[in-house]
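1. how does the following fold in three dimensions:
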Amino acid sequence: MSIRNESIWAASPSTTRGQPTQLAADAKGERLAYASNKSIFLRSIDDPAVAKQYTEHKAQTTVARFSPSGFYVASGDAAGVVRVWDCVGEGITKGEYNIVSGRINDLAWDGDSQRIIAVGDGKQRYGHCITADSGNSVGEITGHTQAINSVSIRQQRPLRAAAAGDDKTLVFYHGAPFKFNTGIRDKHTNYIYGVAFSPDGSTLVSVGGDRRIWLYDGKTGEPKGQIGEGEHKGSIFGVSWSSDSRKFVTASADRTVKIWDVEAGKVSQSWTLGDEGTVNVRDHQVGVVWPHGRSDGLIVSLSLSGDLNYLVEGSPQPRQILHGHQKNITSLTQFGSGSGTETLWSGSFEGRVCSWDVATGTAEEVESESHSTYISGLTTTAEGNGRIYSVGWDDTIRSVDIAAKTYTGSATKLAGQPKGVAAGDSTVLVANSEGVEIFHDGKKTGDFGSKFTVTAVAAHGTTAAIGGEDSSIQICDVSNSSLTPRTEIKASRNPISVLAFSPDGSLLAAGDSRGRVLVFKVADGSLVTDRWTAHTARITSIAWNEKGTHVVSGALDTNIFVWSLANPGDWLQVFNAHKEGVNGVAWIAGGSKIASAGADATVKVWQVEGLK
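-> I've put the predicted structure just below:
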């Protein structure tokens, strides 16, 4: 038996309102690089389900840039650390360098892929220039009195660099080694968010919170003039050049992305993102990149919501919008196993629910009013077209139409903070610490008070299982409005954290807070196995395969285990599957693959081979 990673459905870029987010593309225009949580993702532009994840940063990541050679990536984080790593092979780290005492906001490579300028927020300094292979100093980034937001290096000789930030100053440097040449203080009246040299080195552009766009001579730094005054109605957060240096694109908080003709000084095309007639901060455009080396005129912009918008020059509507999670995925469930329309459903810390097409690895966000915070459970009913029920820490239960991928009706208030949710034939059970609330056809029909503090719930047909803080499990019969206790099991010495029935309902798997997985017979509560003890932290998710022969478990220890019922001592393992913990597991593709989700906001697919 073996298990290997097949694909990574990447998290969306991390964004902050009122702050630019850097996007980068490699020299061939094949991959995007961006920061998300504590990871850096390199994602295929043409096949977004193909991605590489770099997880060596200890703090929140902030920016990633490909070297012009295409062999390395430099990435920065909120602790002021820059890491240089191999992006072609195994992602081996080449160097780790402490640059500033605060957040790294931007990075730039020189044309030889030898030097890097990193800028951000610090105490003694706001940026530094180093060699990529050794971290040796090759210039000082001086002339600024506040955080630097953006930096760019001219790719031709003589080398020039420009950096700008919160002090409304653009500083021009000569190099190498890079030294202060001029400081331009009178062109912007608010924070400068973006600077970029054109690919041919002839022109430098700066954009900022004052909605202004200024052009400068790329060799001397002399201001050439301002263009497009009054065109953008909000802060301009991003700027990126076309490969022919005749045009550049800007992204703004006014929800627009605009292409500018440099010679004419005018907009040649504009897109407005989001629904027409509605103003939503989620649609603020906070980053943009114009990948070079492509023939399709593609531009990728980033919304504050984390959506990546594929815009094609000459086309009025986005070609594609990539959705996903920006925060910790907290719940995972699956619908339509083995069918051609199989979907995964994930809920996250910020209240977002996404539907993933298993065949393509792309997500759609569930539309209409969503949960306002942490989603603590998702469950599927198979009645009619099927429904997904979600419960969150806004103490509500909501119903999702699977076909339409929208919430239906209004949220129903719960009696307390939900610990989990489970669906039987047509009954939905929501656990809180005091007991279980019973719902039928979306309406509350009853309550079940528990004698112990409830921590988990599961259902199969007309049978329910309730797990407790005192490690007991109660098996109950379910009706439309009540639960009738049948059997009580004393499972272990530790609180029960998750429960799952086998496909035929004859067995119950229980995970506890210490990392043990136990299996019991539902009929009499007798123990089947207690040998699955390899996890070292709380079990967060358990799923049975369709045949009921194997169980997969995920835990806060970041690991995934596949257990065999026939051979309890025989298992498969994936270490460090998700940075900072696995929160959901599910069998997909008829039981030949496993999907997992975790604190890194990604969904990963694992190919399982040789199951007996």
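2. quick one: low-confidence parts of this structure?
-> Across the chain, residues meeting the criterion (pLDDT under 70) sit at 277, 338-340, 382-385, 612.
3. could you chop it up by domain?
-> 2-242, 325-418 (automatic domain parsing).
4. pipe those into TSV and attach distance to residue 474 and mean neighbour count per row.
-> In short, each C-beta sits where N, CA and C put it, glycine included. TSV is the format used below for the domains of the chain (distance: least, C-beta to C-beta, whole Å; neighbours: other C-beta atoms under 10 Å):
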stretch	distance to residue 474	mean neighbour count
domain 2-242	34	20
domain 325-418	18	19
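5. gap between residue 238 and residue 471?
-> As judged by C-beta to C-beta, to the nearest Å, residue 238 and residue 471 stand 53 Å apart.
6. circling back to that earlier point, residue 299: which of the domains of the chain is closest?
-> The closest of those to residue 299 is domain 2-242. By C-beta to C-beta, the value is 7.6 Å.
7. start and end of the closest one, how far apart?
-> End-to-end distance of domain 2-242 (C-alpha to C-alpha, to the nearest Å): 46 Å.
8. that one: how far from the chain's middle?
-> From the chain centre to the centre of domain 2-242 is a distance of 21 Å (C-alpha atoms, centre = their mean, to the nearest Å).
9. please apply the same query to stretch 374-391.
-> Between the centre of stretch 374-391 and the centre of its chain there are 22 Å (C-alpha atoms, centre = their mean).
10. between the domains of the chain, which one is nearest to residue 607?
-> Nearest to residue 607, of the domains of the chain and by C-beta to C-beta, is domain 2-242 at 4.6 Å.
11. reformat the domains of the chain as TSV; add distance to residue 585.
-> Listed next are the domains of the chain as TSV, based on distance: least, C-beta to C-beta, whole Å:
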stretch	distance to residue 585
domain 2-242	12
domain 325-418	7
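12. for residue 304, find the nearest of those domains.
-> Ranking these by proximity to residue 304 (C-beta to C-beta) places domain 2-242 first, at 5.1 Å.
13. now do the contacts for the closest residue to residue 69 other than its chain neighbours.
-> Nearest residue to residue 69, sequence neighbours excluded (C-beta to C-beta, 6 or more residues apart in numbering): residue 113, at 4.1 Å. Taking C-beta atoms under 8 Å, 6 or more residues apart in numbering as the contact definition, residue 113 lies against 67, 68, 69, 71, 72, 132.
14. related to what we said a few turns ago, ok, which of the domains of the chain comes nearest residue 286?
-> Going by C-beta to C-beta, the one of those nearest residue 286 is domain 2-242, 4.7 Å.
15. what's the closest non-adjacent residue to the residue lying farthest from the centre of the chain?
-> Distance from the C-alpha centroid of the chain peaks at residue 524, with 43.3 Å (C-alpha atoms, centre = their mean). Using C-beta to C-beta, 6+ apart and skipping residues adjacent in sequence, the residue nearest residue 524 is residue 487, 6.9 Å away.
16. and if you look at residue 298?
-> Nearest residue to residue 298 in three dimensions, chain neighbours excluded: residue 312, at 5.7 Å (C-beta to C-beta, 6+ apart).
17. what do you get for residue 608?
-> Of all residues not flanking residue 608 in the chain, residue 3 sits nearest, at 5.1 Å (C-beta to C-beta, 6+ apart).
18. over to residue 375?
-> Per C-beta to C-beta, 6+ apart, closest to residue 375 is residue 347, 3.1 Å.
19. residue contacts, the one you found?
-> Applying C-beta under 8 Å, 6+ apart, the residues near residue 347 are 329, 330, 331, 332, 353, 371, 375, 377, 378, 390, 392.
20. tell me which helix or strand it sits in.
-> strand 343-348 (DSSP states H and E).
21. which SSE is residue 510 in?
-> Going by DSSP H and E, residue 510 is in strand 507-512.
22. okay, now residue 286: neighbour count?
-> The number of residues packed near residue 286 is 27, by other C-beta atoms under 10 Å.
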